[in-house]
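S.K.: I'll drop the sequence and a predicted model, then ask my questions.
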Protein chains: 2
Amino acid sequence: MKRTRQRAAAADGVDGSPGMRTTLAAIAAQAGVSTATVSKVLNGRSDVATATRDRVHRILVESNYVPQKRSSDVVDLIFSELDSPWAVEILRGVERHMSAHGRAVAVSAVSGDGPTRPPSWTGTIARQHPAGVMLVTSQLTARQWRQLHAQGIPLVVIDPANLPDPELPSVGATNWAGGIAATEHLLQQGHKRIATISGPQEYLCSRARIDGYRHALEQNGHRFDPALVRWGDFRQEGGYHWASDLLGRRSPPTAIFAGNDQQALGVYEAARQLGLAIPRDLSVVGFDDLPLARWLPPPLTTVCQPLADMGAMAAEMLLRLMDNRPLPTRRVELATELVVRESTAAPT
Amino acid sequence: MKRTRQRAAAADGVDGSPGMRTTLAAIAAQAGVSTATVSKVLNGRSDVATATRDRVHRILVESNYVPQKRSSDVVDLIFSELDSPWAVEILRGVERHMSAHGRAVAVSAVSGDGPTRPPSWTGTIARQHPAGVMLVTSQLTARQWRQLHAQGIPLVVIDPANLPDPELPSVGATNWAGGIAATEHLLQQGHKRIATISGPQEYLCSRARIDGYRHALEQNGHRFDPALVRWGDFRQEGGYHWASDLLGRRSPPTAIFAGNDQQALGVYEAARQLGLAIPRDLSVVGFDDLPLARWLPPPLTTVCQPLADMGAMAAEMLLRLMDNRPLPTRRVELATELVVRESTAAPT
DNA sequence: CTGAAAGCGCTTACAG
DNA sequence: CTGAAAGCGCTTACAG
């Protein structure tokens, strides 16, 4: 008798109330079959009638059923793309902090933030029931967050692409301040025509960097000229494409704030093809300070974004959420810092 | 009665026979306590006498006890360092193939192949009981392999640092052929003093590349000069250090085969500081063909190593091992290919 | 502090 | 094809 309450709660699991896992017995009850049959369906045995199998299968999917086991110590780290040195920096910070706390980090990529991403990706995550989830530079609708939240899966976003909900814990960097620092550095060197190539327009960090650029210009009595602004893709290709475009103008910029280090590489290539020397003919500022930045010829002046620290901070926040420990704050922004190297100089 | 055999097998589990997991009941029997007590120790309850707790704990550790649960669908991908764009390329291939087969990839770094690595790291892995393990550029002693093997944990090595056992499945690239291709390309352009900076001397891939370099020289009637060979660290720093050294010689090389792309970046920097233009004053060849290679000023001539494909291939091999499906071969080497760009030219 | 016993979620050999 | 029943590894409320 003493177990009655618990039993009832388990049966309720089907309704998907947060934190309560659906049991095989609940599925069986709903399908009107025995637990043995549900077990067979789950294990792909052949001795189940097709009609029965289909019905059970449908209910299994609808109920987001996951076999119970002691909660895993695996935490998901989900990138939208797994294709840049940028990603390793975040991963390194996350891995270091999580492994120090006995957690494994499962890395995955949900290809493309756009239409290639399956609409139900958050559902897929929820069905795996990880101990916690970290999402990197990802679009997340309020609905998707609710879906994860309802399953009781702790979630932290790193470098959020948008801000769907002020309650959603996230870690970013001071992108706006970084945009200001980059632009003011160029202004101080005497540049008048400073162009910028930012990231995708729909990313928060792209917009913040552009706004910082604009703020610095206007604070210093310069006009913000939309003709000198391009939205890129945060890849070498985008930097190359738009730098070629900007440098082909009648009065080309003398400096380009490249939005990130990878785009700066593209700007270097565009300049090289046009026979422009950096920094003599063109100054370039990046963003991120990837390990390779100091090794480029010439070493890249860039805004350091502490990616590994952001990863570690997000990991710590997630651990707190997983243990129901309080979060000092939901939204953390780590400081960026300008690192002056040899890709910037006074215009000639 | 029908369960008797199974029961006995479970009890035998304590002896660590491959594939058989130790049960809590077996631990209890060995410790001379009830299963309830072992369970309490496992769950850190306080109502266990210290002496009992210690004894149970010792047996738990000795027996490599892992609570049973349906075998996880997580596969471990273990790097010795998680600090280079090189690592993401492998990770991308592994992740793509594994996620297509419903497996999650847990990434970790065992810091340092050397003394900083805990001697028992393979024991740590064994204790987690992952569904499978992939090790990247890692030293593995025969003893360590046996430890994992005894636990019945499938293992594949990517870019093995050494070859402890011909039975150990591994995926590499044709490093020797790549070394030849790089060197012959430079010879064909007319270079006579070709230096090389390889990776750490204890890595198989470093030695294979050097041997290819030597082979190409001797095949073409050139003398192999040890004074033109350096063992690096596969990082920018090593390339920079040894290129500075080589270029400071009385008769400096006119070309450097840099061992990998990151070291090529260091060579670029050394050349830049000495005022040498690439390729006019110095030709440089890399190895790997990281995505950034084509974006360097000038774009780097390099030997393409299909890192993502190597990751995917290793993933496929591991999946086969996990399912007890046959492996066509234990040792796979994917082809490397020279990619000629703008960092090489005839000496002037 | 300990363990017998009841219980949990799930699986399986077998009777029908 | 189905499910009652026995079983598995593990946990827990409770009696001693």
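M.R.: Nice, I can see it.
S.K.: roughly how far apart are A:Ser283 and chain B?
M.R.: 15 Å (CB to the nearest CB, to the nearest Å). To be clear about C-beta, it is placed using only N, CA and C from the backbone, and glycine gets the same treatment.
S.K.: same check, this time on A:Glu337
M.R.: 21 Å.
S.K.: that residue touches A:Thr301, doesn't it?
M.R.: No - the pair A:Glu337 and A:Thr301 fails to qualify as a contact (CB atoms under 8 Å) at a distance of 11.9 Å.
S.K.: how about the helices in the stretch 51-200 of chain A?
M.R.: Along the stretch 51-200 of chain A, the stretches classed as helices by DSSP state H, counting those that start in this stretch are A:85-100, A:121-128, A:142-150, A:175-188.
S.K.: what does the stretch 201-348 of chain A give?
M.R.: Under DSSP H, counting those that start in this stretch, the stretch 201-348 of chain A gives helices at A:204-219, A:236-247, A:261-273, A:307-322.
S.K.: can you list those helices in CSV and add mean pLDDT and mean neighbour count?
M.R.: What follows is those, written out as CSV (pLDDT from 0 to 100; neighbours: other CB atoms under 10 Å in any protein chain shown):
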stretch, mean pLDDT, mean neighbour count
helix A:204-219, 97, 20
helix A:236-247, 98, 22
helix A:261-273, 98, 26
helix A:307-322, 95, 22
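S.K.: how about the helices of the stretch 51-200 of chain A, which one is nearest DNA strand C?
M.R.: helix A:121-128 (13.1 Å; CB to the nearest atom of the strand).
S.K.: and A:Asn324, how many residues sit next to it?
M.R.: Residues near A:Asn324, counting by other CB atoms under 10 Å in any protein chain shown, number 7.
S.K.: distance of it relative to DNA strand C?
M.R.: If you measure A:Asn324 against DNA strand C using CB to the nearest atom of the strand, to the nearest Å, the figure is 22 Å.
S.K.: ditto for A:Leu155
M.R.: A:Leu155 is 23 Å from DNA strand C, by CB to the nearest atom of the strand.
S.K.: for that residue, what are its contacts?
M.R.: A:Leu155 makes contacts with A:Gly132, A:Val133, A:Met134, A:Leu135, A:Trp145, A:Leu148, A:His149, A:Leu168, A:Pro169, A:Leu318, A:Leu321, as judged by CB atoms under 8 Å, 6 or more residues apart in numbering or on different chains.
S.K.: check the gap between it and chain B for me.
M.R.: 17 Å.
S.K.: show me what that residue bridges to in the sheet.
M.R.: A:Val133 (DSSP bridges).
S.K.: check it and give its pLDDT.
M.R.: pLDDT recorded at A:Leu155 is 90.
S.K.: next: the one 10 residues further on.
M.R.: The predicted local distance difference test score for A:Asp165 is 80.
S.K.: I figured it was touching A:Gln144, is that so?
M.R.: No - applying CB under 8 Å, one finds A:Asp165 not in contact with A:Gln144, separated by 10.4 Å.
S.K.: these two: which has the busier surroundings?
M.R.: More crowded of A:Asp165 and A:Gln144, by other CB under 10 Å: A:Gln144, with 21 against 15.
S.K.: show me which of A:Glu337 and A:Thr301 is the more surrounded one.
M.R.: Legend: neighbour count by other CB under 10 Å for A:Glu337 and A:Thr301, higher for A:Thr301 (27 against 16).
S.K.: can you verify my assumption that the more buried one contacts A:Phe287?
M.R.: No - using CB under 8 Å, A:Thr301 is not in contact with A:Phe287; the gap is 10.5 Å.
S.K.: can you redo the helices of the stretch 51-200 of chain A as a markdown table with mean pLDDT?
M.R.: Formatted as a markdown table, the helices of the stretch 51-200 of chain A follow (pLDDT from 0 to 100):
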| stretch | mean pLDDT |
| --- | --- |
| helix A:85-100 | 94 |
| helix A:121-128 | 64 |
| helix A:142-150 | 72 |
| helix A:175-188 | 98 |
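S.K.: got those as JSON lines, with distance to DNA strand C columns?
M.R.: Shown next, in JSON lines, are the helices of the stretch 51-200 of chain A (distance: least, CB to the nearest atom of the strand, whole Å):
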{"stretch": "helix A:85-100", "distance to DNA strand C": "26"}
{"stretch": "helix A:121-128", "distance to DNA strand C": "13"}
{"stretch": "helix A:142-150", "distance to DNA strand C": "19"}
{"stretch": "helix A:175-188", "distance to DNA strand C": "44"}
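S.K.: so which of those gets nearest DNA strand D?
M.R.: Distance to DNA strand D, taken as CB to the nearest atom of the strand, is lowest for helix A:121-128 among the helices of the stretch 51-200 of chain A, at 21.3 Å.
S.K.: ok, now which ones touch A:Asp83?
M.R.: A:Asp83 neighbours (CB under 8 Å, 6+ apart): B:Val88, B:Arg92, B:Pro291.
S.K.: then A:Thr37?
M.R.: Applying CB under 8 Å, 6+ apart, one finds that A:Thr37 lies in contact with A:Ala28, A:Ala31, A:Val48, A:Thr52, A:Val56.
S.K.: now with 7 Å?
M.R.: By CB atoms under 7 Å, 6 or more residues apart in numbering or on different chains, A:Thr37 lies in contact with A:Ala28, A:Val48, A:Thr52, A:Val56.
S.K.: then A:Arg143?
M.R.: Residues near A:Arg143 by CB under 7 Å, 6+ apart: none.
S.K.: then A:Asn175?
M.R.: A:Cys205, A:Ala208, A:Arg209, A:Gly212, A:Thr336.
S.K.: dump the residues you listed to TSV, plus distance to A:Leu327.
M.R.: Formatted as TSV, those follow (distance: CB to CB, whole Å):
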residue	distance to A:Leu327
A:Cys205	22
A:Ala208	23
A:Arg209	27
A:Gly212	27
A:Thr336	23
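S.K.: which of the residues you listed lies closest to A:Leu247?
M.R.: Nearest to A:Leu247 among the contacts of A:Asn175, counting by CB to CB, is A:Arg209 at 20.4 Å.
S.K.: domains in chain A, by residue range?
M.R.: Recorded structural domains for chain A (assignment: automatic domain parsing) are A:4-62, A:74-173+A:307-332, A:175-306.
S.K.: TSV for those, including distance to B:Phe79?
M.R.: Listed next are these as TSV, based on distance: least, CB to CB, whole Å:
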stretch	distance to B:Phe79
domain A:4-62	34
domain A:74-173+A:307-332	9
domain A:175-306	15
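S.K.: now, of those, which is deepest in the fold?
M.R.: domain A:175-306 (a mean of 21; mean count of other CB atoms under 10 Å in any protein chain shown).
S.K.: and that one, end to end?
M.R.: 11 Å (CA to CA, to the nearest Å).
S.K.: where's it relative to the chain centroid, distance-wise?
M.R.: 22 Å (CA atoms, centre = their mean, to the nearest Å).
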